[in-house]
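Asker: kindly generate the corresponding structure for this input.
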Amino acid sequence: MSYRKLILEDGTVFIGKGFGSNKEISGEIVFNTSMTGYQEIITDPSYCGQIVTLTYPLIGNYGINRDDFETVAPFINGLIVKEYSEYPSNFRSGETIDCYLKAHNITGLYGIDTRKLTKRIRHAGTMRGYIANVDIPNGQLIELLAKLPIEHNQVKQTSIIKPYIVPGRGRRIVLVDFGMKHGILRELTERNCHVTVVPYNYAAEDILRLKPDGIVLSNGPGDPKDVPQAIDMIRKVLKEIPIFGICLGHQLLALACGAETEKMKFGHRGGNHPVKDLINGKTLLTAQNHGYAVNKSSLEQTDLELTHVALNDNSVEGIRHRLYPAFSVQYHPESSPGPEDSNYLFDEFLTMIDRISAEKGEEVYA
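Answerer: As a prediction, the model looks like this:
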């Protein structure tokens, strides 16, 4: 194993060893606190262009299997772990995490103090970093980081190009793919929905022509303000079709209704984030992965109502429209990985569709 180093924008250096691909890479350094589910994390498109640090100390012990992918190909730039397992043990395991990263040309770094790195990010905020050979001068790498442009096309990278259909006999759902986790599609198909998946820039007119019963706005990477065409689309369909937004879809719904979003200091990424449902007073444990959030004070001048808050920092975790059938959450009700406390939101969305259909005198699915 070759020695490699991670250098942050502020000059902090970590020396470790490489696994996976040997290429030098840069990206925004983020951390995820989940204790399991590294395969789903690696293949979550919301991490597009980022270097993911996993805080759990041993990664790869149950290998990589054929079932737990959230997308066909991963979009992360790199992976940082304390220790990775060369010899996984699990009946589902098909290959090691090292082999998987090599196959997808993803750089890995292990053997560094991931606790120290995580505390540095929590203190200073999310920074960009560079993983390179130890013999490259630190000053040269810091100069390269300073010259790197800020990415604004992550959604374009992760979304599909053309629509496709997953047939079902139930409610007709348009799922707008901003970098969709397959777990969302799984939850809809398990409820027998007929799902049409469309690209991030699909026009409102084309969506309405499909005559859907409801629209789901998926998760995705990056700044929601980088997707103005989606914001415009949501404004046009808001009065016509019930909407359910998840993560980036939640932020886009808020922007479409006049609220504001902002970049967080280090984001929420993990499977143990407590959220309070203000409607029923219950507390949920949720899976989260986002670096942007809806500004709470900006909701006051809109027709949006706050429905969920994060108990760790009181940030916005859910909203619903006071006039139209639309709601959204900042976390992941499909989990993958994480607790399934909020899985019921998919059923609430379908119930909302049925209520609207009944009011219009249309068919209501059993």
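
Asker: just the mean pLDDT for the helix or strand containing residue 293, thanks.
Answerer: Element membership of residue 293 [criterion: DSSP states H and E] is strand 283-294. The pLDDT scores in strand 283-294 average 97.

Asker: same for it, what does it pack against?
Answerer: Counting contacts by 3 or more CB pairs under 8 Å, 6 or more residues apart in numbering; DSSP states H and E, strand 283-294 packs against strand 25-32, helix 248-256, strand 261-277, strand 316-321. Any C-beta I mention is one placed from the backbone N, CA and C, and that applies to glycine too.

Asker: tell me, how many neighbours does residue 89 end up with?
Answerer: 9 (other CB atoms under 10 Å).

Asker: hmm, back to that, relative to helix 248-256, how tilted is the strand holding residue 293?
Answerer: 50 degrees (axes from the mean of the first three to the mean of the last three CA atoms, to 10 degrees).

Asker: strand 283-294 to strand 316-321, inter-axis angle?
Answerer: Here the directions of strand 283-294 and strand 316-321 differ by 80 degrees (the same axes, to 10 degrees).

Asker: how distant is the helix or strand that strand 283-294 is followed by from the center of its chain?
Answerer: Following strand 283-294 in sequence order, the next helix or strand is strand 304-310 (DSSP H and E). Its chain's average C-alpha position is 19 Å from that of strand 304-310, according to CA atoms, centre = their mean, to the nearest Å.

Asker: could you list the buried residues of strand 304-310?
Answerer: Of all the residues in strand 304-310, those buried under the rule 16 or more other CB atoms under 10 Å are 304, 307-310.

Asker: what distance do you get for the residue most central in space within the chain to residue 248?
Answerer: Nearest residue to the geometric centre of the chain (CA atoms, centre = their mean): residue 46, 3.7 Å. Counting by CB to CB, to the nearest Å, the separation of residue 46 from residue 248 is 7 Å.

Asker: overlap of the contact sets of those two?
Answerer: Both residue 46 and residue 248 are in contact with 179, 219-221, 290, where contact means CB atoms under 8 Å, 6 or more residues apart in numbering.

Asker: buried ones only from the residues you listed, please, as a ChimeraX command.
Answerer: Listed next is the ChimeraX selection for buried residues among those, using 16+ other CB under 10 Å:
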select :179,219,220,221,290
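
Asker: JSON lines for the shared contacts of residue 46 and residue 248, including distance to residue 143 and secondary structure?
Answerer: Formatted as JSON lines, the shared contacts of residue 46 and residue 248 follow (distance: CB to CB, whole Å; DSSP: H, G, I helix; E, B strand; the rest coil):
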{"residue": "179", "distance to residue 143": "31", "secondary structure": "coil"}
{"residue": "219", "distance to residue 143": "34", "secondary structure": "coil"}
{"residue": "220", "distance to residue 143": "31", "secondary structure": "coil"}
{"residue": "221", "distance to residue 143": "26", "secondary structure": "coil"}
{"residue": "290", "distance to residue 143": "30", "secondary structure": "strand"}
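
Asker: residue 234: which of the shared contacts of residue 46 and residue 248 is nearest?
Answerer: Of all the shared contacts of residue 46 and residue 248, residue 234 sits closest to residue 220, with 13.6 Å by CB to CB.

Asker: report the inter-axis angle for the top helix by length along the chain versus strand 283-294.
Answerer: Determined from DSSP state H, the single longest helix within the chain is helix 344-359. Put simply, helix 344-359 runs at 80 degrees to strand 283-294, going by the same axes, to 10 degrees.

Asker: buried ones in helix 344-359?
Answerer: Buried residues in helix 344-359 (16+ other CB under 10 Å): 345-346, 349-350, 352-354, 356-357.

Asker: can you check stretch 252-270 too?
Answerer: Neighbour-count burial for stretch 252-270 [16+ other CB under 10 Å]: 252-257, 259-261, 266-270.

Asker: could I get it in CSV with only the CA atoms?
Answerer: Output of stretch 252-270 as CSV, limited to C-alpha atoms (Å, rounded to 0.1, in the frame of the first residue of the first chain):
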residue,chain,number,x,y,z
LEU,A,252,-36.7,23.3,-4.5
LEU,A,253,-40.3,23.3,-3.3
ALA,A,254,-39.4,25.9,-0.7
LEU,A,255,-37.7,28.1,-3.3
ALA,A,256,-40.6,27.7,-5.7
CYS,A,257,-42.9,29.0,-3.0
GLY,A,258,-40.8,32.1,-2.1
ALA,A,259,-38.7,30.8,0.8
GLU,A,260,-34.9,30.9,0.9
THR,A,261,-32.2,28.3,1.2
GLU,A,262,-28.7,28.6,2.8
LYS,A,263,-25.5,26.5,3.0
MET,A,264,-25.0,24.9,6.3
LYS,A,265,-21.7,24.9,8.2
PHE,A,266,-21.1,21.2,7.9
GLY,A,267,-24.5,19.7,7.0
HIS,A,268,-26.4,16.7,8.2
ARG,A,269,-25.1,13.3,7.1
GLY,A,270,-25.9,10.1,9.0
